[in-house]
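S.K.: A predicted structure for the sequence below; I have some questions about it.
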Amino acid sequence: MNLQELSQLGEFLGGFSVLLTLIYLAVQIRGNTKAVRSAGAQQTHDSMVHLYSQLASDTDLNRIFRHGTKNLAVLSEDESGQFYAFWSATLYIAQNWLYQKERGVLDEELVTTWLAGVASNFQYDGFKEYWSGRQYMYSEGLQNWVQDGISKPKPAGYATLGPAINQDQTEKGSP
């Protein structure tokens with residue numbers, strides 16, 4: 001084997017090792033991308049769980065949310081402040097979910113499921129009153145999504161943060 005053949009063999013082995021390195025890096029990047037997406041999905045899920053945990057652990061906030069979503073007029077000024085702050089936080093989280101979904105960071109099926117829980121309250125008068133005075137604070141994407149949710153019919157038998165009840169129970173004053 002002469003010097004020129006050794007040189008060509010060296011170039012071939014060098015090129016082959018670069019190719020193997022690129023394949024290895026591609027596999028590592030793909031695994032890292034999955035890990036980052038999974039962590040993002042977990043954080044998103046945790047934000048929803050945190051909202052529900054607040055409502056479950058704070059009976060006053062739970063009552064304010066349920067009653068205010070139906071009719072803001074029944075809340076005191078302080079309660080209205082809590083109601084507005086809670087809905088603002090909830091919708092900023094939803095806005096982030098939509099943003100992440102549109103960019104392919106979050107799985108569409110998961111985001112759709114999380115958002116369905118939020119949107120189930122949009123047909124109530126209290127939420128509509130909140131929205132009419134605050135929609136300008138949110139992205140166009142969220143505004144469109146909420147408007148679409150408001151235009152849909154109220155889910156049959158749905159009770160804000162409660163078990164499904166029939167219409168007779170609702171009319172008797174059960175909030």
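M.R.: Cool, the structure landed.
S.K.: Tell me which residue lies nearest the centroid of the protein.
M.R.: Note on the chain: the residue nearest the mean C-alpha position is residue 97, at 3.7 Å, using Cα atoms, centre = their mean.
S.K.: pLDDT at that one, what is it?
M.R.: For residue 97, the model assigns a pLDDT of 88.
S.K.: Check which element follows whichever strand or helix holds it along the chain.
M.R.: Residue 97 is part of helix 77-102, with elements assigned from DSSP states H and E. Next helix or strand after helix 77-102 toward the C-terminus (DSSP H and E): helix 108-119.
S.K.: Tell me what angle that next one forms with helix 77-102.
M.R.: 160 degrees (axes from the mean of the first three to the mean of the last three Cα atoms, to 10 degrees).
S.K.: mind saving the C-alpha coords of helix 108-119 as PDB?
M.R.: The C-alpha trace of helix 108-119 is given here as PDB (Å, rounded to 0.1, in the frame of the first residue of the first chain):
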ATOM      1  CA  GLU A 108     -53.000  19.000  20.000                       C
ATOM      2  CA  GLU A 109     -55.100  16.200  21.600                       C
ATOM      3  CA  LEU A 110     -53.900  17.100  25.100                       C
ATOM      4  CA  VAL A 111     -54.400  20.800  24.600                       C
ATOM      5  CA  THR A 112     -57.800  20.300  23.200                       C
ATOM      6  CA  THR A 113     -58.800  18.200  26.300                       C
ATOM      7  CA  TRP A 114     -57.400  20.800  28.800                       C
ATOM      8  CA  LEU A 115     -59.100  23.600  26.900                       C
ATOM      9  CA  ALA A 116     -62.500  21.900  26.900                       C
ATOM     10  CA  GLY A 117     -62.600  22.100  30.700                       C
ATOM     11  CA  VAL A 118     -62.000  25.900  30.500                       C
ATOM     12  CA  ALA A 119     -64.400  26.400  27.600                       C
END
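S.K.: Tell me which other helices or strands it touches.
M.R.: Packing contacts for helix 108-119, counted by 3 or more Cβ pairs under 8 Å, 6 or more residues apart in numbering; DSSP states H and E, involve helix 3-57, helix 77-102, helix 140-151. For every residue, glycine as well, the C-beta is placed using N, CA and C.
S.K.: Please identify the deepest-packed of those helices.
M.R.: Compared across the helices and strands packed on helix 108-119, helix 77-102 shows the largest average neighbour count, a mean of 16 (mean count of other Cβ atoms under 10 Å).
S.K.: Thank you, goodbye.
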